[in-house]
Each structure stands twice: as structure tokens, then as C-alpha cells.
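> Sequence plus the predicted model coming up.
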Amino acid sequence: MAFEDLFKMHWQKIFRLCMGYTNDYDLAQDMAQETFIIVWQQLPKFRNEANIGTWIYRIATNICLRQVEKQNRFQKVELSANLAEEKQADPEPQIQLLYRFISELPETDRIIISLELENIKQSEIANIVGLSEANIRVKIHRIKEKLTRNFNNNGHR
């Protein structure tokens, strides 16, 4: 498959995965871009041992995990409220809230729910994160319950 086709087919999904990790539009764009740079560089070496979509998600997940490690090592500089409000291209408030709640989940849960939201088969999710399908089903159920509670606690029903 040509790189351009892979890019068109997977860009939005990978961007949303990254957004779920960072809750930062610009950083998510950068991480998704970094993912596709690696895909472009490594595509000739891809041996079809896994589904190509699964391979791309693994690359993106690794980039997201590295970013989380970086953020944990360095103090975040918070934007002033005024600067944050001036930022353009933010998703609608409920989606933005969902991204915030997802970004607050433990790392593995973030991967699982982000892939679930992209309608990735649970068998593939299990393969990506290295858990059994049964464990993935239980985790997805618990993550959805937690996200629902967070929405309800913030006045959304």
C-alpha cells in the first residue's frame, strides 16, 4: 500500500489517539506527524507480520508514551487563562472535555479507550497492548463507566 493511502486512511484516527493522550491540539498534531514520519521511513521494512493499521497504532502509542515520560520529567508551563482562551481550532466543549478526561486516565487505559473509540477490533487492541481479549472487554467497560461518571460529575448527562 502506498504511503499516501496509509496517511489518508489513518491520519484522523492517529490524531485522535494522540489528542486523547495530550489534550493539546498542537502537540497531538506534532505527535501524529512524527508517527507518519516513522511510518514513511520504516514502510519499506514492514513485513506484513501484523495488520498495517495495528503497526501504525503501535508506532503512535510508543510516541505517546515517550511524550508522557517527557511530561513527567519536566514541569509543565501552564498557559495563562487568557492565552488559552485565545487559542483557535479547539474542538467543541464536550469533545474537549472528553479528551481531558481521557488524558487523565492511566497510560494503558488511554491506549485502550482511544483505540476503542476508533472502532479498532478488541482482538487488535489486545494485540497492541499485550492483554487478553477478555481483559480488554472488562477494561473498556470500566473505562466507559469512569468517563460517564466524570461527565455526570461535571453536569453533563
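Arrived safely.
> Give me the next element, helix or strand, following the helix or strand harbouring residue 41.
If you go by DSSP states H and E, residue 41 is part of helix 25-42. Using DSSP H and E, the helix or strand that follows helix 25-42 in sequence is helix 52-73.
> Could you name the helices and strands sitting against that next one?
helix 3-22, helix 25-42, helix 107-117, helix 122-129 (3 or more Cβ pairs under 8 Å, 6 or more residues apart in numbering; DSSP states H and E). Quick note: C-beta positions are derived from backbone N, CA and C, even for glycine.
> which residues does the residue nearest to the spatial centre of the chain contact?
Centre of the chain computed as the mean C-alpha position; nearest residue by Cα atoms, centre = their mean is residue 17, 2.0 Å away. By Cβ atoms under 8 Å, 6 or more residues apart in numbering, the contact list for residue 17 reads 32, 57, 60-61, 64, 111, 114-115, 118.
> State the distance from it to residue 65.
12 Å (Cβ to Cβ, to the nearest Å).
> same deal with residue 137?
23 Å.
> returning to what we had before: show residues contacting the helix holding residue 41.
Residues from elsewhere that reach helix 25-42, judged by Cβ under 8 Å, 6+ apart: 3, 6-7, 11, 14-15, 17-19, 21-22, 56, 59-60, 63-64, 67, 87, 89-91.
> tell me which residues in it are buried?
Applying a neighbour-count criterion of 16 or more other Cβ atoms under 10 Å, one finds 25, 28, 31-32, 34-36, 39 buried in helix 25-42.
> which one of those residues sits closest to residue 105?
residue 28 (15.6 Å; Cβ to Cβ).
> In this structure, where is pLDDT below threshold?
For the chain, applying pLDDT under 70 flags the ranges 71-91, 155-157.
> go with 90
1-3, 5-6, 13, 16-24, 43-55, 57-58, 61-121, 123-131, 147-157 (pLDDT under 90).
> Can you report how many residues neighbour residue 59?
When counting by other Cβ atoms under 10 Å, one arrives at 18 neighbours for residue 59.
> For it, give me its contacts.
35, 38-39, 42.
> how about TSV for those, with distance to residue 128 added?
Putting those into TSV (distance: Cβ to Cβ, whole Å) gives the following:
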residue	distance to residue 128
35	14
38	16
39	15
42	17
